[in-house]
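J.: Need coordinates for the below:
(2 chains)
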Amino acid sequence: MRNAFADEITQIAKSDPSVVLLSGDIGNRLFDKYKESNPERFVNCGVAEANMVTMGSGLAMSGMKPVAYTIASFLIYRAFEQIRVDLSYHDAAVLLVGVGGGLSYASNGSTHHTLEDIALMRSLPNMQVICAGDPLEVRAATEAFFKDPKPTYLRIGKKGEAPVHEKALHNFVVGKSICLKRGQSVALLATGNMLPNCSSVSDELEKRGIPSSLYSFHTVKPLDKECLEEIFVGHEYVITVEEHGRLGGFGSAVAEWLASQKQPRARLLTLGTPDQFLLYTGNQEEARKKFGLDKAGLLEQITDFIGPV
Amino acid sequence: MKSRTANKNINNSSKFDQLVTATANIRGKIIQLSHQAKTPHLGSSLSFVELLVYLYWNFLKISPKIAKDPARDRFVLSKGHGITTLYAVLAERGFFPQEFFENYAQAGSPLPEHPSPNCVPGIEAATGSLGHGLSIATGIALASKMNAIPYSVVTLLSDGECNEGSTWEAALLAPAHNLDNLIAIVDFNKWQATGRSAEITALEPLKEKFEAFGWNSIRIDGHDFRQIKSALAKAKKSDKPFAIIADTVKGKGIKMMEDDNNWHYRIPSKEEVDSAFEELGIKSL
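T.: Numbers count the residues shown, from 1 in each chain, chains lettered A, B, ... in the order given. Coordinates of the predicted model:
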């Protein structure tokens, strides 16, 4: 996903002289092509996330379209007050790109995990929260920001993720989920880097005689309520899946919406990580397994929830 | 440093008559507002009146007509708790009508106790949380270079604000990008909310700290127009970001408030307002 972002921002900056890329001293070589074509509009802000975010606000107030890029955990947690005051309160259109969202950097330990960022960011007024599910969503979301700049958090994975979508998402709209597959009774709602796992879970369910719908809710805020309305009327079981804590994230957003609905609706299961730090050394797939977010873990929880077919 | 600021006749040259009159009126307004709305931070607001008056009367290329002009100079009040001084200056310079003060900080007022984004023309940033202004100003100064639109960016910080790590993050970055259009003024009134600032953190030597961070810097009496003028002229010519360490007196201009930190929070009574007005030589506003 990060290569897709680097390539996309390089392309966009070629035709838009107001683009400026701020980096928190990461992305070694990643932005070489960007820097080659726009040396004046790349600023390595060093290991100083608070200043990077607020400077981004100052740039946005002065006619620029800034992007602040660094590891998601440092970007959101270290600079949260700056994000709240200087971006959200000022409605300053800065694109915050958090790389390594969720458990992408599992083996680095909990300092590098982001399992509370969606909860924090979606609580901020004026803030859009987008969790890209594959490299094509990264490209489309980046493009969408520059067409209509608003304070935005784009949470991406790391490198090498295979695309889930078959082709470029020319019709991508912030706040409009994408239906990848229509089934019956069960709907899987994935956000961010859980999309590939949800796609394989959906295929497996089909093999077991349970055709499921699959949606990519790339945007957690603003939430696609129109689509939720259809989903909760058209299915019996709805399952949200995110590489994020169950407290306050995408599943919580859907549950909050559901609680306000008057008519009885489909039952909801929210899958994510438990209320704890991961004190286990392992890579992303192993960490997911610990938290039941691998394919087998997801299948087990989902089949438990929907009961015997 | 205190002896320099204790000199009462520093601004006695007729050259500065207009500015001296303005400072008296602004001080009167600040005291009046604190009394009227029962809002604190009076001492903090009184310490940078000369600095702000000089900036808005003689230095910044900014006026109500060009309040949104991309080429205007910018001023960011980093110490947002001193906002009544900026409000009073902006009103005096015609950015908004004096009537806006009638319900200052009360229900429905356009003027909150800390400025909100674009609450009135002339407010560049919503401050109130400390340690943001220098980073905002750095971003604005950087945009000038990237857009090739020349303008100066001035930000005014409190000494207490120099406790914030983010202030020093910006201080480290600005010289690396040769932001010669960036001017930081520290209103060094020696007090923060609950104690002497140089005792709470090792703030001194402050000028040398900025220099060690790669800035050009000067230390002046922040109530002396001659020194303010000369410092800003140097800042304008500087080939690096420029820090003005302005020695000031908290509560300046009203004897009973000067250097008394109780006035960080205390609200003046009607009698105290009257006596302050008398001391300032103004009858009413």
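
J.: What sits closest to the residue in chain B that chain A sits nearest to if chain neighbours are left out?
T.: Nearest to chain A, among the residues of chain B, is residue B:139, at 2.1 Å (C-beta to the nearest C-beta). For glycine as for every other residue, the C-beta is placed from the backbone atoms N, C-alpha and C. In space, and not counting its chain neighbours, residue B:139 is closest to residue A:58: 2.1 Å by C-beta to C-beta, 6 or more residues apart in numbering or on different chains.

J.: helices and strands around the helix or strand the one you found falls within, which ones?
T.: Taking DSSP states H and E as the criterion, residue A:58 maps to helix A:49-61. If you count contacts as 3 or more C-beta pairs under 8 Å, 6 or more residues apart in numbering or on different chains; DSSP states H and E, helix A:49-61 packs onto strand A:19-23, strand A:65-71, helix A:80-82, helix B:133-147, helix B:165-176.

J.: if we can go back for a sec, so the residue nearest to residue B:139 touches residue B:134, yeah?
T.: No: contact criterion C-beta atoms under 8 Å: residue A:58 and residue B:134 do not qualify, at 9.8 Å.

J.: Would you map the helices across the stretch 201-309 of chain A?
T.: Here the stretch 201-309 of chain A has its helices, by DSSP state H, counting those that start in this stretch, at A:225-234, A:250-259, A:284-290, A:295-306.

J.: Which residue lies nearest the spatial centre of chain A?
T.: Centroid-nearest residue in chain A, with C-alpha atoms, centre = their mean: residue A:131, separated by 1.3 Å.

J.: List the contacts of it.
T.: Neighbour list for residue A:131: A:101, A:118, A:155, A:191-193, A:218-220, A:242, A:250 [criterion: C-beta atoms under 8 Å, 6 or more residues apart in numbering or on different chains].

J.: Nearest residue to it in space, ignoring adjacent ones along the chain?
T.: Excluding its sequence neighbours, the residue lying closest to residue A:131 (C-beta to C-beta, 6+ apart) is residue A:192, at 3.0 Å.

J.: Distance of that neighbour relative to residue A:37?
T.: The gap separating residue A:192 from residue A:37 is 30 Å, by C-beta to C-beta, to the nearest Å.

J.: follow-up on the earlier one: alpha carbons of the helix holding residue A:58, as CSV, please.
T.: Below are the C-alpha coordinates for helix A:49-61, written out as CSV (Å, rounded to 0.1, in the frame of the first residue of the first chain):
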residue,chain,number,x,y,z
GLU,A,49,5.3,14.7,14.8
ALA,A,50,3.6,17.5,16.8
ASN,A,51,5.5,20.1,14.8
MET,A,52,4.9,18.3,11.5
VAL,A,53,1.1,18.3,12.0
THR,A,54,0.8,21.9,13.1
MET,A,55,3.1,23.0,10.3
GLY,A,56,0.8,21.2,8.0
SER,A,57,-2.0,23.3,9.3
GLY,A,58,0.0,26.5,8.7
LEU,A,59,0.7,25.3,5.1
ALA,A,60,-2.9,24.5,4.5
MET,A,61,-3.9,28.0,5.8
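
J.: quick one: average confidence on that helix?
T.: For helix A:49-61, the mean per-residue pLDDT is 98.

J.: One more: stretch A:255-269?
T.: 93.

J.: before we move on, back to that, out of residue A:192 and residue A:37, which sits in the more crowded spot?
T.: Using other C-beta atoms under 10 Å in any protein chain shown, the more surrounded residue of residue A:192 and residue A:37 is residue A:192, with 30 against 12.
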